[in-house]
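Asks: here is a sequence together with a model predicted from it:
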Amino acid sequence: MLRKFNWDALGVSASLACAIHCAILPLLYTSLPFMGIDFITNKGFEYGMIALAFIVGVVALSHGFRKHHHRFYPIGFFTVGFAFLLAKEMFLDVHVLLLAVAIVFILLAHYFNYRLCRVHEHAHAKDCDH
C-alpha cells in the first residue's frame, strides 16, 4: 500500500538541512580550501540550495492550500521567510540574524500548513463517518 507523501515533512527537513549548512559553514571556511573543497562557498551553490528549498516549499504549501485548507497565512509566513533568506545573501554583515529569522518564518509556514491539513482531514473524516 502506498502512503501519501508528506511535502511539509520534506520542507521542514530541507529547512533544517539549510540551517545546519549555514550554521557550520563559518566553521568550515578555513579548513575546506586546504582539502580542495570550495563548492560550499560558491554563490551558485547557495542560490541553487535556496531555489531547491523554494520549490519544495511551494509544492508543499500549494498542495495543502488547494486540497485541504484554503488559508493564505502559511503562504504569507513562507513568503516573509524567503524574503529574509534572500536578504541574507545581500546583507552579509547581518546574514546570521537574517538567516535565523528566515528559518523561523519558513518552519512556521510548514507547521501551520501541516496543522491546517490535519484539522481539515479530521473534519472530513467525521463528515464521512455519518
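Replies: That came through fine. The shown structure was predicted, so the numbers you read here are calculated from the model rather than taken from an experiment.
Asks: report the buried residues of stretch 89-97.
Replies: residue 95 (16 or more other Cβ atoms under 10 Å). Using the backbone N, CA and C atoms, a C-beta is placed for each residue, glycine as well.
Asks: need the mean per-residue confidence for that stretch.
Replies: The average pLDDT within stretch 89-97 is 90.
Asks: number of nearby residues for residue 12?
Replies: By other Cβ atoms under 10 Å, the residues close to residue 12 number 20.
Asks: that one against residue 110, yeah?
Replies: Yes - with the criterion set as Cβ atoms under 8 Å, residue 12 and residue 110 qualify as a contacting pair; they are 4.9 Å apart.
Asks: residue 77: what's it in contact with?
Replies: 105, 106, 108, 109, 112 (Cβ atoms under 8 Å, 6 or more residues apart in numbering).
Asks: which one is it nearest to, not counting chain neighbours?
Replies: Ranked by Cβ to Cβ, 6 or more residues apart in numbering and with sequence neighbours excluded, the top spatial neighbour of residue 77 is residue 109, at 3.8 Å.
Asks: the one you found: how many residues sit nearby?
Replies: 28.
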